[in-house]
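Trainee: Pasting the sequence and the predicted model now:
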Amino acid sequence: MKRFSFSLQLLLGLAVGVALGFAAKVWDVTWLAETLTQVGKIFVQLLKLAVPPLVFTAVLVSVANLRNVNGAARLATKTLMWFLITAFVSVALAIGLGLLINPGQGVTLDTAAAKPSETRGSWLDFVTGIVPTNVVTAFTEVNVLQIVFLGVVLGAAAMAVGERAEPFLGLARSVLELVQKALWWVIRLAPIGTAGLIGKAVATYGWDLLAPLAKFSAGVYVGSLLVLLAVYPTLLAVWGKVSPVRFFRNAWPAIELAFVSRSSVGTLPLTQRVTIERNGVDRDYASFAVPFGATTKMDGCASVYPALAAIFVAQVFGVPLGLGDYLLIVFVSVVGSAATAGLTGATVMLTLTLSTLGLPLEGVGLLLAIDPILDMIRTATNVTGQMVVPVLVARSEGRLDTAVFNAPPQPLDAGSPAPRVPEPAAA
C-alpha cells in the first residue's frame, strides 16, 4: 500500500482536528476538548524542548563554517538586506490595507475592561535583552535572542582561533546532528500534533470571538496572504528568476507545519531541510541563513500584524494617526523585528509599536483572545519569508541548484537522512 506523503498526513491531521474540535464545541464534549488540548500541548512542548541546543549549536556551527564559504561577508550582508527589504514592503502593504479597511472603525468594545499587557516591549528591553546577564538563564528561560548572541560570539571566536577550536566544533556538530535527528522524530508526529492544536483552537475559541473583531481578523489574514501570495512570488519571479509555483510546492510542508505549530524556531529543522533538499540552496549558506532567519525574519509577527493592530487600537480609542506615526510604525517593524526572538513574539512587537506611538497598551488586551487564531497565518508568513530570502540570495550568488529546485519534491519521511552538518574544508 502506497504511503501517504508527509504533506497529505498534515492535511489529514488538520481535517481531523477541525472535525473533532467542532464536535467538542457543538456538543460540549469536555473530555474531547481537554484531550485535544493536551495532545497539542505535548507536541509543542516537545518542539520547544530542543530549541535551546538546536539554535545554539546551529548558529555556532554555521558562523564558524563561514570561514569556508567564499564571500561570507557578502552573503551575510545580502541576507540582512533582503530581510530589511521584505520587512519594509510587508509593513507598507499592511499600513495601506489598514487605511483602506479601517479595522477599528465602528467597533464598540469595552475598553475600560481591557487590561494592559503584562508582557512589555520597549527599545530598552530589546537592547538590554540581547546580552545575557547569566549564560544558564538564557537557556533555562529559552531566550532565543540571547542564545543566538552566544552562538554568534562563540562561533566567531572559534573561527578566529582556527584549528585549535576543532575539538569544540566537532562536539557542537555532533550535538547538532543528534538534536536534529531527535527533533525530526518529533516532527514526524506533526499530523497528530496538528489535530490536537487546530482541534483545541476550534473547541476553545470557535468563531464567536471573531464577530466583533471580524474586520481586523480578516485584515490580518488578507495582509499576510498578500505577502505570501503576491510579494514573495513577485520577488522570486523577478529577482530570483525561479518559479514561485515550484517554490511553494517544495516549501509547503514547512509552511503547513508553521501554520499549526505557531513556532518559527520549532519548524526550523523542517525549514532547513526543505530549503536544502527541495529548494536547492547551498548547504553551507543555508546552515547560516535559515537559523538566522528563524530568529529574526518575522514579516507576519513584526510587520503585518503590529501595523494593522496599531491602526485598529488607534481607531478604537479615538486617537488620530498622522504621517509621522505611520513612519514610526515602519521604523519599528523594520528595525525591531529581532525583538520577537528574545521575548514573546507578536505581543511584544505590538506593545513596542503602541508604546512608541504613545497608544494605550490596554489595546493589547482587546486582541489577546483571538491571538492564537491570528498567530497561525502570521507564523506561516514568517517561515515562508525565511525560505524565500535564502533562495533569492543563493540564486544571485550562484549557490542555488536549479536541478534540485525544479525536480519533483523529495519525500520528507522518517527514512530520509537528516540534513548533514557541513564539515570544515581540508587544510
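Mentor: That came in fine, so what should we check first?

Trainee: got any ranges where the chain has weak pLDDT?
Mentor: Applying pLDDT under 70 to the chain picks out residues 1-4, 68-70, 107-129, 144, 205-212, 336-348, 369, 413-427.

Trainee: Grab the longest helix from it for me.
Mentor: In the chain, with assignment by DSSP state H, the single longest helix is helix 72-101.

Trainee: How far off centre is it?
Mentor: 15 Å (C-alpha atoms, centre = their mean, to the nearest Å).

Trainee: For the closest residue in space to Glu256 that isn't next to it in sequence, grab the count of nearby residues.
Mentor: Leaving out its chain neighbours, the residue that sits closest to Glu256 by C-beta to C-beta, 6 or more residues apart in numbering is Leu10, at 4.8 Å. (Each C-beta comes from the backbone N, C-alpha and C, glycine too.) Leu10: 23 surrounding residues under other C-beta atoms under 10 Å.

Trainee: and Leu10, what does it touch?
Mentor: By C-beta atoms under 8 Å, 6 or more residues apart in numbering, the contact set of Leu10 is Ala190, Pro191, Thr194, Pro253, Glu256, Leu257, Val260.

Trainee: Let me know whether Ile255 touches Asn382 as I believe.
Mentor: No: contact criterion C-beta atoms under 8 Å: Ile255 and Asn382 do not qualify, at 10.0 Å.

Trainee: So for the two, which sits in the more crowded spot?
Mentor: Just comparing Ile255 and Asn382: by other C-beta under 10 Å the higher neighbour count belongs to Asn382, 33 against 23.

Trainee: residues touching the more buried one, list them.
Mentor: The contact partners of Asn382, by C-beta under 8 Å, 6+ apart, come to Ala258, Ser264, Lys297, Met298, Asp299, Gly300, Cys301.

Trainee: Number of residues surrounding the fifth one?
Mentor: Neighbours of Asp299 under the rule other C-beta under 10 Å: 33.

Trainee: and what of the third one?
Mentor: For Lys297, the number of neighbouring residues by other C-beta under 10 Å comes to 32.

Trainee: Does it touch Val389 like I think?
Mentor: Yes: using C-beta under 8 Å, Lys297 makes contact with Val389 at a distance of 6.7 Å.

Trainee: which residues do these two both contact?
Mentor: Phe83, Thr86.

Trainee: ok, back up a step: restricted to helices, list the contacts of Asn382.
Mentor: Counted as lying in helices by DSSP H, out of the contacts of Asn382, are Ala258, Asp299.

Trainee: In JSON lines: the contacts of Asn382, plus distance to Gly40.
Mentor: Converted to JSON lines, these look like this (distance: C-beta to C-beta, whole Å):
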{"residue": "Ala258", "distance to Gly40": "15"}
{"residue": "Ser264", "distance to Gly40": "17"}
{"residue": "Lys297", "distance to Gly40": "25"}
{"residue": "Met298", "distance to Gly40": "22"}
{"residue": "Asp299", "distance to Gly40": "25"}
{"residue": "Gly300", "distance to Gly40": "20"}
{"residue": "Cys301", "distance to Gly40": "20"}
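
Trainee: Quick one: neighbours of the residue lying closest to Leu84 once chain neighbours are set aside, just the number.
Mentor: The shortest distance from Leu84 to any non-neighbouring residue, by C-beta to C-beta, 6+ apart, is to Val334 (5.8 Å). Other residues within reach of Val334, judged by other C-beta under 10 Å, total 20.

Trainee: got a list of what Val334 touches?
Mentor: With C-beta under 8 Å, 6+ apart, Val334 has these contacts: Leu84, Ala87, Phe88, Val91, Ser303.

Trainee: And the residues you listed, which is closest to Gly21?
Mentor: Nearest to Gly21 among the contacts of Val334: Ser303, at 29.5 Å, using C-beta to C-beta.

Trainee: Kindly provide the distance from the closest one to Ser333.
Mentor: Per C-beta to C-beta, to the nearest Å, Ser303 is found 5 Å from Ser333.

Trainee: Repeat that for Gly318.
Mentor: 24 Å.

Trainee: follow-up on the earlier one: buried subset of the contacts of Val334 as a PyMOL selection?
Mentor: Filtering these down to the buried ones (16 or more other C-beta atoms under 10 Å) takes a single PyMOL command:
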select buried, resi 87+88+91+303
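
Trainee: Redo the contacts of Val334 as a markdown table? Include distance to Gln45.
Mentor: A markdown table is the format used below for the contacts of Val334 (distance: C-beta to C-beta, whole Å):
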| residue | distance to Gln45 |
| --- | --- |
| Leu84 | 34 |
| Ala87 | 30 |
| Phe88 | 35 |
| Val91 | 32 |
| Ser303 | 29 |
